[in-house]
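Student: just the structure for this:
(chains A, B, C and D)
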2 protein chains.
Amino acid sequence: MTTVYRALDDETRRVLLDELAAKDAQTLFELCGALAVRHGTSMTRQAVSQHLAVLEDAGLVRSERRGRTKVHFFDPSPLAEITRRWPVPREDTP
Amino acid sequence: MTTVYRALDDETRRVLLDELAAKDAQTLFELCGALAVRHGTSMTRQAVSQHLAVLEDAGLVRSERRGRTKVHFFDPSPLAEITRRWPVPREDTP
DNA sequence: TAGACAGGCAAGCACTCACTTGCCTATTCT
DNA sequence: AGAATAGGCAAGTGAGTGCTTGCCTGTCTA
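Tutor: Predicted structure coming up:
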(Lines give C-alpha, C1' and ligand atoms only; values in the text may rest on other atoms or scores of the structure.)
Protein backbone atom coordinates (compact mmCIF):
# COMPACT_ATOMS: atom_id res chain seq x y z
CA MET A 1 0.00 0.00 0.00
CA THR A 2 1.40 3.34 -1.06
CA THR A 3 1.14 6.20 1.40
CA VAL A 4 -0.23 9.60 0.48
CA TYR A 5 3.11 11.14 1.41
CA ARG A 6 5.04 9.04 -1.04
CA ALA A 7 2.51 9.68 -3.80
CA LEU A 8 2.93 13.42 -3.34
CA ASP A 9 6.73 13.25 -3.40
CA ASP A 10 7.03 13.75 -7.15
CA GLU A 11 6.40 16.86 -9.19
CA THR A 12 4.94 14.94 -12.13
CA ARG A 13 2.38 13.28 -9.87
CA ARG A 14 1.54 16.63 -8.27
CA VAL A 15 0.98 18.14 -11.72
CA LEU A 16 -1.22 15.18 -12.61
CA LEU A 17 -3.33 15.93 -9.56
CA ASP A 18 -3.52 19.57 -10.64
CA GLU A 19 -4.69 18.51 -14.09
CA LEU A 20 -7.32 16.16 -12.71
CA ALA A 21 -8.44 18.74 -10.16
CA ALA A 22 -8.93 21.23 -12.99
CA LYS A 23 -10.69 18.78 -15.32
CA ASP A 24 -11.98 15.43 -14.23
CA ALA A 25 -12.48 12.25 -16.26
CA GLN A 26 -9.34 12.49 -18.38
CA THR A 27 -7.76 9.54 -20.13
CA LEU A 28 -4.10 8.54 -20.09
CA PHE A 29 -3.46 10.07 -23.52
CA GLU A 30 -5.18 13.31 -22.56
CA LEU A 31 -3.03 13.58 -19.45
CA CYS A 32 0.10 12.86 -21.49
CA GLY A 33 -0.85 15.69 -23.83
CA ALA A 34 -1.59 18.05 -20.97
CA LEU A 35 1.77 17.31 -19.39
CA ALA A 36 3.59 17.89 -22.67
CA VAL A 37 1.73 21.03 -23.76
CA ARG A 38 1.00 22.85 -20.51
CA HIS A 39 4.04 21.82 -18.47
CA GLY A 40 6.74 21.04 -21.03
CA THR A 41 7.16 17.59 -19.55
CA SER A 42 8.22 15.21 -22.27
CA MET A 43 7.63 11.76 -20.90
CA THR A 44 6.71 8.32 -22.13
CA ARG A 45 3.16 7.10 -21.92
CA GLN A 46 4.25 4.25 -19.65
CA ALA A 47 5.91 6.67 -17.24
CA VAL A 48 2.66 8.61 -16.87
CA SER A 49 0.79 5.34 -16.48
CA GLN A 50 3.06 4.28 -13.64
CA HIS A 51 2.60 7.64 -11.93
CA LEU A 52 -1.16 7.24 -12.19
CA ALA A 53 -0.86 3.76 -10.71
CA VAL A 54 0.99 5.18 -7.70
CA LEU A 55 -1.65 7.88 -7.25
CA GLU A 56 -4.39 5.28 -7.55
CA ASP A 57 -2.69 3.00 -5.04
CA ALA A 58 -2.55 5.89 -2.60
CA GLY A 59 -6.27 6.52 -3.07
CA LEU A 60 -5.77 9.95 -4.59
CA VAL A 61 -7.05 8.91 -8.00
CA ARG A 62 -9.90 6.61 -8.94
CA SER A 63 -10.31 5.20 -12.43
CA GLU A 64 -13.07 3.70 -14.51
CA ARG A 65 -12.89 1.77 -17.77
CA ARG A 66 -15.04 3.02 -20.63
CA GLY A 67 -14.70 0.87 -23.70
CA ARG A 68 -11.08 0.96 -24.73
CA THR A 69 -10.30 4.06 -22.72
CA LYS A 70 -9.86 4.59 -18.98
CA VAL A 71 -10.91 7.80 -17.32
CA HIS A 72 -9.37 9.12 -14.11
CA PHE A 73 -10.85 11.09 -11.22
CA PHE A 74 -9.16 13.08 -8.48
CA ASP A 75 -10.08 12.08 -4.93
CA PRO A 76 -8.66 14.53 -2.37
CA SER A 77 -10.05 12.72 0.68
CA PRO A 78 -6.76 10.97 1.62
CA LEU A 79 -5.22 14.42 2.02
CA ALA A 80 -7.33 14.88 5.12
CA GLU A 81 -4.94 12.63 7.02
CA ILE A 82 -2.21 15.25 6.74
CA THR A 83 -4.22 18.09 8.22
CA ARG A 84 -5.65 15.75 10.82
CA ARG A 85 -2.16 14.68 11.93
CA TRP A 86 -0.69 18.17 12.01
CA PRO A 87 -3.37 20.85 12.21
CA VAL A 88 -2.29 23.76 10.05
CA PRO A 89 -2.65 27.22 11.55
CA ARG A 90 -5.08 29.44 9.66
CA GLU A 91 -3.23 31.76 7.35
CA ASP A 92 -3.87 35.47 7.66
CA THR A 93 -6.21 36.30 4.79
CA PRO A 94 -6.06 40.09 4.33
CA MET B 1 15.90 23.28 -1.34
CA THR B 2 13.92 20.36 -0.03
CA THR B 3 10.21 20.32 -0.68
CA VAL B 4 7.63 19.72 2.03
CA TYR B 5 6.44 16.67 0.13
CA ARG B 6 9.81 14.97 0.19
CA ALA B 7 10.30 15.81 3.86
CA LEU B 8 7.02 14.09 4.70
CA ASP B 9 7.85 10.99 2.66
CA ASP B 10 9.48 9.12 5.55
CA GLU B 11 7.86 7.61 8.60
CA THR B 12 10.78 8.50 10.87
CA ARG B 13 10.52 12.16 9.89
CA ARG B 14 6.75 12.10 10.40
CA VAL B 15 7.24 10.64 13.87
CA LEU B 16 9.80 13.35 14.60
CA LEU B 17 7.20 15.95 13.68
CA ASP B 18 4.72 14.21 15.97
CA GLU B 19 7.23 14.33 18.81
CA LEU B 20 8.01 17.99 18.28
CA ALA B 21 4.33 18.81 17.92
CA ALA B 22 3.69 17.15 21.27
CA LYS B 23 6.65 18.73 23.02
CA ASP B 24 8.66 21.59 21.62
CA ALA B 25 12.29 22.54 22.21
CA GLN B 26 13.74 19.04 22.25
CA THR B 27 17.38 18.26 21.63
CA LEU B 28 18.81 15.65 19.29
CA PHE B 29 19.45 13.21 22.14
CA GLU B 30 15.96 13.66 23.53
CA LEU B 31 14.46 12.94 20.14
CA CYS B 32 16.67 9.88 19.74
CA GLY B 33 15.40 8.62 23.09
CA ALA B 34 11.78 9.33 22.22
CA LEU B 35 12.13 7.44 18.95
CA ALA B 36 13.69 4.48 20.73
CA VAL B 37 11.37 4.33 23.72
CA ARG B 38 7.99 5.39 22.33
CA HIS B 39 8.29 4.05 18.80
CA GLY B 40 10.74 1.18 19.00
CA THR B 41 12.88 2.80 16.36
CA SER B 42 16.50 1.87 16.95
CA MET B 43 18.52 4.27 14.91
CA THR B 44 21.88 5.96 14.98
CA ARG B 45 22.18 9.48 16.27
CA GLN B 46 23.52 10.60 12.88
CA ALA B 47 20.51 9.16 11.09
CA VAL B 48 18.17 11.22 13.26
CA SER B 49 20.37 14.26 12.75
CA GLN B 50 20.12 13.88 8.98
CA HIS B 51 16.35 13.54 9.20
CA LEU B 52 16.18 16.72 11.25
CA ALA B 53 18.32 18.45 8.65
CA VAL B 54 15.86 17.46 5.92
CA LEU B 55 12.94 18.72 7.99
CA GLU B 56 14.78 21.95 8.69
CA ASP B 57 15.63 22.42 5.02
CA ALA B 58 11.96 22.02 4.19
CA GLY B 59 11.06 24.68 6.75
CA LEU B 60 9.10 22.28 8.94
CA VAL B 61 11.58 22.50 11.81
CA ARG B 62 13.49 25.45 13.17
CA SER B 63 16.45 25.06 15.48
CA GLU B 64 18.34 27.20 17.96
CA ARG B 65 21.70 26.63 19.60
CA ARG B 66 21.82 26.84 23.37
CA GLY B 67 25.28 26.27 24.69
CA ARG B 68 26.37 22.88 23.61
CA THR B 69 22.86 21.69 22.84
CA LYS B 70 20.52 22.48 19.98
CA VAL B 71 16.79 22.66 20.50
CA HIS B 72 14.25 22.04 17.74
CA PHE B 73 10.83 23.54 17.09
CA PHE B 74 8.01 22.36 14.87
CA ASP B 75 6.79 24.87 12.30
CA PRO B 76 3.64 23.66 10.53
CA SER B 77 3.29 26.68 8.26
CA PRO B 78 4.79 25.03 5.14
CA LEU B 79 1.99 22.47 5.33
CA ALA B 80 -0.41 25.20 4.27
CA GLU B 81 0.87 24.85 0.71
CA ILE B 82 -0.69 21.41 0.45
CA THR B 83 -4.18 22.45 1.46
CA ARG B 84 -3.84 25.59 -0.63
CA ARG B 85 -2.94 23.58 -3.71
CA TRP B 86 -5.64 20.93 -3.24
CA PRO B 87 -8.42 22.15 -0.95
CA VAL B 88 -9.47 19.25 1.23
CA PRO B 89 -13.20 18.67 1.60
CA ARG B 90 -14.45 19.10 5.16
CA GLU B 91 -14.80 15.77 6.85
CA ASP B 92 -18.06 14.92 8.52
CA THR B 93 -17.47 15.47 12.23
CA PRO B 94 -20.30 13.68 14.07
C1' DT C 1 -11.84 -9.41 -40.73
C1' DA C 2 -7.64 -6.55 -40.85
C1' DG C 3 -5.70 -2.64 -38.97
C1' DA C 4 -5.54 1.27 -35.96
C1' DC C 5 -6.13 2.88 -31.28
C1' DA C 6 -5.87 2.86 -25.93
C1' DG C 7 -3.69 0.69 -22.49
C1' DG C 8 -0.95 -3.11 -19.68
C1' DC C 9 3.11 -6.16 -18.36
C1' DA C 10 7.90 -6.91 -17.43
C1' DA C 11 12.84 -6.41 -17.57
C1' DG C 12 16.70 -3.30 -17.32
C1' DC C 13 19.38 1.05 -16.16
C1' DA C 14 20.79 5.21 -13.78
C1' DC C 15 20.10 7.78 -9.96
C1' DT C 16 18.61 8.95 -5.33
C1' DC C 17 17.86 8.05 -0.49
C1' DA C 18 18.30 6.17 4.20
C1' DC C 19 21.54 4.45 7.17
C1' DT C 20 26.04 3.28 9.02
C1' DT C 21 30.93 3.99 10.28
C1' DG C 22 34.78 6.76 11.56
C1' DC C 23 36.69 10.90 12.84
C1' DC C 24 36.46 15.88 14.22
C1' DT C 25 34.72 20.45 16.76
C1' DA C 26 32.73 22.96 20.53
C1' DT C 27 30.92 23.46 25.24
C1' DT C 28 30.47 22.07 30.21
C1' DC C 29 32.10 19.96 34.63
C1' DT C 30 35.57 18.16 38.02
C1' DA D 1 43.83 21.54 32.08
C1' DG D 2 41.59 17.19 31.03
C1' DA D 3 37.62 14.32 30.48
C1' DA D 4 32.94 13.87 29.31
C1' DT D 5 28.97 15.57 26.76
C1' DA D 6 26.29 17.26 22.52
C1' DG D 7 26.66 17.61 17.97
C1' DG D 8 28.75 17.92 12.92
C1' DC D 9 31.22 16.34 8.52
C1' DA D 10 32.16 13.06 4.96
C1' DA D 11 32.58 8.75 2.56
C1' DG D 12 30.54 4.24 1.56
C1' DT D 13 26.78 0.79 0.95
C1' DG D 14 22.28 -1.43 -0.05
C1' DA D 15 17.68 -0.83 -1.37
C1' DG D 16 14.17 1.76 -3.63
C1' DT D 17 12.52 4.92 -7.46
C1' DG D 18 11.75 7.05 -12.02
C1' DC D 19 12.06 6.22 -16.65
C1' DT D 20 12.80 3.71 -20.91
C1' DT D 21 12.36 -0.12 -24.23
C1' DG D 22 10.01 -3.99 -26.19
C1' DC D 23 6.19 -6.79 -26.61
C1' DC D 24 1.38 -8.18 -25.61
C1' DT D 25 -4.01 -7.70 -24.77
C1' DG D 26 -8.43 -5.74 -25.59
C1' DT D 27 -11.58 -2.51 -28.28
C1' DC D 28 -13.40 0.24 -32.12
C1' DT D 29 -13.61 1.32 -37.20
C1' DA D 30 -12.91 0.86 -42.44
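
Student: got the residue ranges for the helices in chain A?
Tutor: A:4-8, A:11-22, A:28-39, A:45-57, A:80-85 (DSSP state H).

Student: now do the same contact list for the residue nearest the centre of chain A.
Tutor: Nearest to the geometric centre of chain A sits A:L17, at 2.9 Å (Cα atoms, centre = their mean). Residues near A:L17 by Cβ atoms under 8 Å, 6 or more residues apart in numbering or on different chains: A:55, A:60-61, A:74, B:86. Where you see a C-beta, it was placed from the backbone N, CA and C, and this is true even at glycine.

Student: quick one, grab the pLDDT at A:R90.
Tutor: Listed pLDDT for A:R90 reads 70.

Student: how about the contacts made by A:L35?
Tutor: The contact partners of A:L35, by Cβ under 8 Å, 6+ apart, come to A:12, A:15-16, A:19, A:41, A:43, A:48.

Student: identify, from those, the entry nearest to B:L79.
Tutor: A:V15 (19.7 Å; Cβ to Cβ).

Student: quickly note the distance from the nearest residue to the closest one once chain neighbours are set aside to A:L17.
Tutor: Nearest residue to A:V15, sequence neighbours excluded (Cβ to Cβ, 6 or more residues apart in numbering or on different chains): A:H39, at 5.5 Å. Distance check for A:H39 against A:L17: by Cβ to Cβ, to the nearest Å, it reads 12 Å.

Student: and A:Q50, by the same measure?
Tutor: 15 Å.

Student: could you check how far A:S77 is from DNA strand D?
Tutor: From A:S77 across to DNA strand D, the span is 21 Å (Cβ to the nearest atom of the strand, to the nearest Å).

Student: oh, that last question was meant for A:L8, not what I typed.
Tutor: 10 Å.

Student: dump the residue contacts of that residue.
Tutor: By Cβ under 8 Å, 6+ apart, the neighbours of A:L8 are A:14, B:5, B:8-9, B:82.

Student: repeat that with 7 Å
Tutor: A:14, B:5 (Cβ atoms under 7 Å, 6 or more residues apart in numbering or on different chains).

Student: on that earlier part again, of the contacts of A:L35, just the buried ones, PyMOL syntax please.
Tutor: Buried residues among these (16 or more other Cβ atoms under 10 Å in any protein chain shown), as a PyMOL selection:
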select buried, chain A and resi 12+15+16+19+41+48
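
Student: out of the contacts of A:L35, which touch DNA strand D?
Tutor: A:12, A:43 (Cβ under 7 Å from any atom of the strand).
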